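Enquirer: the following comprises the amino acid sequence and a computationally predicted model.
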There are 2 protein chains.
Amino acid sequence: MGITRTEIYSAEHNKLGLMLKILGHPARIAILQYIIDQKTCICNDLVEELGLAQATISQHLKELKNIGVIQGTIEGKSVCYCIDEKIWKEFQKQFNLFFDQDVCARKCC
Amino acid sequence: MGITRTEIYSAEHNKLGLMLKILGHPARIAILQYIIDQKTCICNDLVEELGLAQATISQHLKELKNIGVIQGTIEGKSVCYCIDEKIWKEFQKQFNLFFDQDVCARKCC
DNA sequence: TTATCATATCGCAATATTACGATATATATT
DNA sequence: AATATATATCGTAATATTGCGATATGATAA
């Protein structure tokens, strides 16, 4: 079918899944890394930097904005993007809550 | 086009992206959670537990195996799955290497 | 006002993903 | 051997994602 059956999962699993899905694209990882690296809050030098079309970059930025991990403020004719530190830390926390679980206490594999 | 242009990203970004992409589905999160919760290394009670078709579960398990985060050993007529603790911790480490970066030192947003 | 620059959105083509029924495979039980 | 049980794989339909050119929008500069 191609459609994820979100109704059958818990809200937490859906949320964690969505967050990881959006982060799970190399372009979006590269965009986040670039925003972190630049001391100024760069906008679409990303087009030159990554070598993707402007429309494509804009789309990825939109998805990152949708999950809240970045925010953009209009500055003259360009837009200044930066990481939303609060959401960033929240994501890290959620991920680690999941990954800190005790795994494989039993012996079977 | 629908195809990710992996050639233009670094190996690390592709790797981190792939890992997050595979983890980024609620069914796979739920599968991992179930394997962690069960004290015995359960196999396809997952079909009943999650309410997805057996073929679908099997496909998700395959993707999780592909990135190495779970492994399965044949036990009689069923298969015993468990988390690969080493890979699990490695994933957590990679994620945190990325997320521990200092974010938003500047003031613009 | 007109032109220019930066970004967003639209529409589309190519490809990928999700899900499932049907079938194959492999082991255990009778 | 025949049957049952557990899992994997195949084929396919529905939908989603990726990427891009074209165009729209919105602000500044001329």
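Expert: Noted; the coordinates are in hand.

Enquirer: what backbone torsions are found at A:L16?
Expert: The phi and psi values for A:L16, taken as degrees, to the nearest 10, are phi -60, psi -40.

Enquirer: counting neighbours, what do you get for it?
Expert: By the measure other CB atoms under 10 Å in any protein chain shown, the count of residues near A:L16 is 23. C-beta here means a position set from N, CA and C on the backbone, and glycine is covered the same way.

Enquirer: next, the contact list for it, please.
Expert: Residues counted as contacts of A:L16 (CB atoms under 8 Å, 6 or more residues apart in numbering or on different chains) are A:94-95, A:98, B:26, B:29.

Enquirer: next: A:T56.
Expert: A:A27.

Enquirer: which helix or strand contains it?
Expert: Assigning secondary structure by DSSP states H and E places A:T56 in helix A:54-66.

Enquirer: returning to that earlier point: which one of the contacts of A:L16 sits in the busiest neighbourhood?
Expert: Across the contacts of A:L16, the neighbour count under other CB under 10 Å reaches its highest value at B:P26, namely 24 neighbours.

Enquirer: give the contact list for that one.
Expert: Listed by CB under 8 Å, 6+ apart, the contact partners of B:P26 are A:4, A:6, A:9, A:13-14, A:16-17.

Enquirer: how about those residues, which pair is most distant?
Expert: Of all pairs drawn from these, the greatest distance, 13.3 Å, lies between A:T4 and A:L16 (CB to CB).
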